[in-house]
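Novice: After the sequence you'll find the predicted model.
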Amino acid sequence: MLVEHLRAGVFAARRRKRHARRVRSPDFTASAWNCRAGAPPAAARLASGALSLQHRWQAERLPYNLNLAYVARMASQSLWQRFQSYYLRYDDLGFSLDISRMRFSDGFLDQMEPQVAKAFAAMHELEAGEIANPDENRMVGHYWLRRPELAPNDELRADVEATNTRIQKFASEVHAGRISAPNGKPFERILLIGIGGSALGPQFIADALGSANDQMEIFFFDNTDPDGFDRVFAKIGDGFAQTLVVVISKSGGTKETRNGMLEAKVHFERVGLDFGKQAVAVTGAGSELDKFAEKNGWLARFPMFDWIGGRTSVMSAVGLLPAALQGLDTQALLDGAAAMDAHTRVAERDQNAAMLLALMWFYATDGQGKKDMVILPYKDRLALFSKYLQQLVMESLGKEKDLDGKVVHQGIAVYGNKGSTDQHAYVQQLRDGVPNFFATFIEVRKDRATERFEVEEGVTSGDYLQGFLRGTRAALYEGERDSITLSIPEVDALHVGALIALYERAVGFYGSLVNVNAYHQPGVEAGKKAATRILGLQPKVLGELSESGKTAEAIAHAIDADPEDVYHVLRHLAANDSTIQSTGEEPGSEKFSQIG
């Protein structure tokens, strides 16, 4: 592949008029070629960095017709040596991390050592129970969820252990029919209502680990979209009598989750069902939801601990309860996370995959978010992982101010698809377009659980998938695009747990490297306040409507509001209420009236 790309670059260069005579020269060398403008980037990199000084000296003294093959061979050997130097493997997990295709200098890691030491110390304090979220004066303890014995006191340890035991007992009783639907039949499906971390984690786990043989089928309300509710209602059809509802909200006041719960409650009642007898809450103790569930006699209530954030809650009741009900191996999920924690808790930079990930993010983005993170899992079961990481990384690291109060506007944008679908979507831009990203390939070595099938002699569909991953990785590197490669043996509960734990700790380390609080989300709260203000306009706007019709500006003046905000409220009302009509073609002259 590398030789082919070099040859293509040479032949293209030969066609360049300005280099014609130099290319024909028998003593033309790679380094001479690349000190001039217009040299192909792959060859430029080979001549200037991939070869040792000795090898470049030797290459420059070979005739041209031998030089290209020599450069390619030496470059291949150099990359092989670099791969071995920057390849980390955890044999107990079958996990590996390859950072050799990140083009950092050999001195970069040592230059970062002061920040690395600080990040290790901060993580140690966090796991010991220090206040790691100073804005909210809270501990951050998602690591204790998979090893309760590490919790800083007996009370926290007992809370985690008791909750996990209750989850397993509840799921077992549901599966056995001892906890059943009001009609006496067993529950067959789950409707999970939540948003953000209260939905993304469970969705990822369900999609990654679920199968046609699951104990219960799972559906999600993860927004406040009425049409989205209706689509799920239609999918469940006449199965609501045997549907168990799990409502998840830490505060109990999240409006999107409340709306989904109310929509579901009304739907249950319309078909003659008592919602409370089929509902379970996962929420903070004493929250609005906790009180509502207790008052209305819900089947069960499980705690969402104060020291757990939504985006790191998947190993708590938030993720374990729906997974257990689905029939997934929740203990293996916890064990995988704990095993990865054990590796990444060790304060040895070069043996710590989470720290190496964080350092690569720092290198790629210059510690200022200058490049995007593209997540490319080459496995359908991991298709939602990029969506899950999008919240984990961006909500944790996207901050206006650092821990010293300085305005820094930190963060890393995350997006992704799945391989090899990505090759028919946006890899074209990744390879040839704006180099404003670094990629992370996620390789799953086991192709399938069923019998091997060859699409060609000696070749399977999985061989193609592996080939596309490695080919895309090589093509990106030859185009001077950086990439990281993670590898796991298969997608099962153990290794999904390990992946989640890896990224949770990498995010924490990176937060320390750039000196931001990775455990709060003030921007989210600001958005909620703005939404509340807009919603507060609606009754005021309705109060000003009449049959004669008024412009948005006239109504805004009457209620002391922004005309544009009022205009959009009116447009929304007109689209959803047949009694509200509009006339006019321009926002400034359009009149809105209410008839009847």
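Specialist: Great, that's in hand. Numbers count the residues shown, from 1 in each chain.
Novice: tell me the centre residue of the chain?
Specialist: A centroid search over the chain (C-alpha atoms, centre = their mean) returns residue 389, at 1.3 Å, as the residue closest to the centre.
Novice: Show me the strands in the stretch 151-300 of the chain, by range?
Specialist: Using DSSP state E, counting those that start in this stretch, the strands found in the stretch 151-300 of the chain span residues 189-193, 217-221, 243-249, 279-283, 300-303.
Novice: before we move on, back to that, dump the residue contacts of the residue nearest to the centre of the chain.
Specialist: For residue 389, the contact set (C-beta atoms under 8 Å, 6 or more residues apart in numbering) comprises 373, 375, 414, 416, 503. Just so you know, the C-beta spots here come from the backbone N, C-alpha and C atoms, and that holds for glycine as well.
Novice: and of these, the nearest to residue 178?
Specialist: Nearest to residue 178 among these, counting by C-beta to C-beta, is residue 503 at 37.6 Å.
Novice: picking that back up, a markdown table please, covering the strands of the stretch 151-300 of the chain and showing mean neighbour count and mean pLDDT.
Specialist: Listed next are the strands of the stretch 151-300 of the chain as a markdown table, based on neighbours: other C-beta atoms under 10 Å; pLDDT from 0 to 100:
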| stretch | mean neighbour count | mean pLDDT |
| --- | --- | --- |
| strand 189-193 | 25 | 98 |
| strand 217-221 | 20 | 98 |
| strand 243-249 | 26 | 98 |
| strand 279-283 | 27 | 98 |
| strand 300-303 | 20 | 98 |
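Novice: Export those strands to a markdown table and append columns for distance to residue 393.
Specialist: Below are the strands of the stretch 151-300 of the chain laid out as a markdown table (distance: least, C-beta to C-beta, whole Å):
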| stretch | distance to residue 393 |
| --- | --- |
| strand 189-193 | 23 |
| strand 217-221 | 22 |
| strand 243-249 | 21 |
| strand 279-283 | 24 |
| strand 300-303 | 27 |
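Novice: Of the ones you listed, which is nearest residue 229?
Specialist: Going by C-beta to C-beta, the one of these nearest residue 229 is strand 217-221, 6.3 Å.
Novice: The closest one vs strand 189-193, what angle?
Specialist: 20 degrees (axes from the mean of the first three to the mean of the last three C-alpha atoms, to 10 degrees).
Novice: Does anything pack onto strand 217-221? Which helices or strands?
Specialist: strand 189-193, helix 197-209, helix 226-236, helix 255-270, helix 317-326 (3 or more C-beta pairs under 8 Å, 6 or more residues apart in numbering; DSSP states H and E).
Novice: The residue nearest to the centre of the chain: which element?
Specialist: For residue 389, the element it lies in under DSSP states H and E is helix 385-397.
Novice: Can you show me the CA trace of that helix as CSV?
Specialist: Extracted in CSV, the C-alpha atoms of helix 385-397 (Å, rounded to 0.1, in the frame of the first residue of the first chain):
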residue,chain,number,x,y,z
PHE,A,385,-20.5,4.3,20.9
SER,A,386,-19.6,7.6,19.1
LYS,A,387,-23.0,9.0,20.2
TYR,A,388,-22.3,7.9,23.8
LEU,A,389,-18.8,9.4,23.7
GLN,A,390,-20.1,12.6,22.2
GLN,A,391,-21.8,13.4,25.5
LEU,A,392,-19.1,11.9,27.7
VAL,A,393,-16.3,13.9,26.1
MET,A,394,-18.1,17.2,25.0
GLU,A,395,-20.2,17.7,28.2
SER,A,396,-17.2,17.0,30.4
LEU,A,397,-14.6,19.0,28.5
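Novice: tell me which residues of the one helix or strand residue 536 maps to are tucked away?
Specialist: Using DSSP H and E, residue 536 falls within helix 522-544. In terms of neighbour count (16 or more other C-beta atoms under 10 Å), helix 522-544 has its buried residues at 537, 540, 541, 544.
Novice: Could you do stretch 289-301 as well?
Specialist: Buried positions in stretch 289-301, judged by neighbour count with 16+ other C-beta under 10 Å: 289, 290, 292, 293, 298, 299, 300, 301.
Novice: One more: stretch 456-465?
Specialist: 462, 465.
Novice: And for that stretch, what's in contact with it?
Specialist: 378, 419, 420, 447, 448, 452, 453, 454, 455.
Novice: now do 6 Å
Specialist: Outside stretch 456-465, the residues that touch it by C-beta atoms under 6 Å, 6 or more residues apart in numbering are 378, 447, 454, 455.
Novice: And for stretch 431-451?
Specialist: 364, 371-372, 374-379, 462, 469, 473, 475, 479, 481-491.
Novice: Output the helices and strands packed on strand 217-221 in CSV; the columns should cover distance to residue 112.
Specialist: Below are the helices and strands packed on strand 217-221 laid out as CSV (distance: least, C-beta to C-beta, whole Å):
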stretch, distance to residue 112
strand 189-193, 41
helix 197-209, 30
helix 226-236, 44
helix 255-270, 40
helix 317-326, 33
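Novice: Quick one: closest of those to residue 115.
Specialist: Proximity to residue 115 (C-beta to C-beta) singles out helix 197-209 among the helices and strands packed on strand 217-221, at 27.6 Å.
Novice: re the thing from before, right, and the strands of the stretch 151-300 of the chain - which one's nearest residue 527?
Specialist: strand 243-249 (16.8 Å).
Novice: buried subset of the contacts of residue 389?
Specialist: Neighbour counting over those (16+ other C-beta under 10 Å) leaves 373, 375, 414, 416, 503 as the buried ones.
Novice: CA atoms only for stretch 107-116 - export them in PDB, please.
Specialist: Provided in PDB are the C-alpha atoms of stretch 107-116 (Å, rounded to 0.1, in the frame of the first residue of the first chain):
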ATOM      1  CA  GLY A 107      10.300  14.000  23.200                       C
ATOM      2  CA  PHE A 108       6.600  14.900  23.500                       C
ATOM      3  CA  LEU A 109       5.700  12.500  26.200                       C
ATOM      4  CA  ASP A 110       8.600  13.500  28.400                       C
ATOM      5  CA  GLN A 111       7.700  17.200  27.900                       C
ATOM      6  CA  MET A 112       4.200  16.500  29.300                       C
ATOM      7  CA  GLU A 113       5.500  14.700  32.400                       C
ATOM      8  CA  PRO A 114       4.700  17.600  34.900                       C
ATOM      9  CA  GLN A 115       1.100  17.700  33.700                       C
ATOM     10  CA  VAL A 116       0.900  13.900  33.700                       C
END
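Novice: which residues sit against it?
Specialist: Contacts for stretch 107-116 (C-beta under 6 Å, 6+ apart): 349, 359, 513.
Novice: swap in stretch 233-251?
Specialist: 181, 183, 185, 187-194, 198, 257, 261, 264, 267, 271, 278-284, 287, 289, 304, 318, 322.
Novice: how about the helices in the stretch 301-450 of the chain?
Specialist: Per DSSP state H, counting those that start in this stretch, the stretch 301-450 of the chain carries helices over the ranges 317-326, 330-344, 353-365, 385-397, 427-432.
Novice: Would you mind listing the buried residues in the last one?
Specialist: Same thing as helix 427-432. Neighbour counts over helix 427-432 (16+ other C-beta under 10 Å) mark 427, 430 as buried.
Novice: again, but for the second one
Specialist: Within helix 330-344, the residues that qualify as buried are 330-341, 343-344, counting by 16+ other C-beta under 10 Å.
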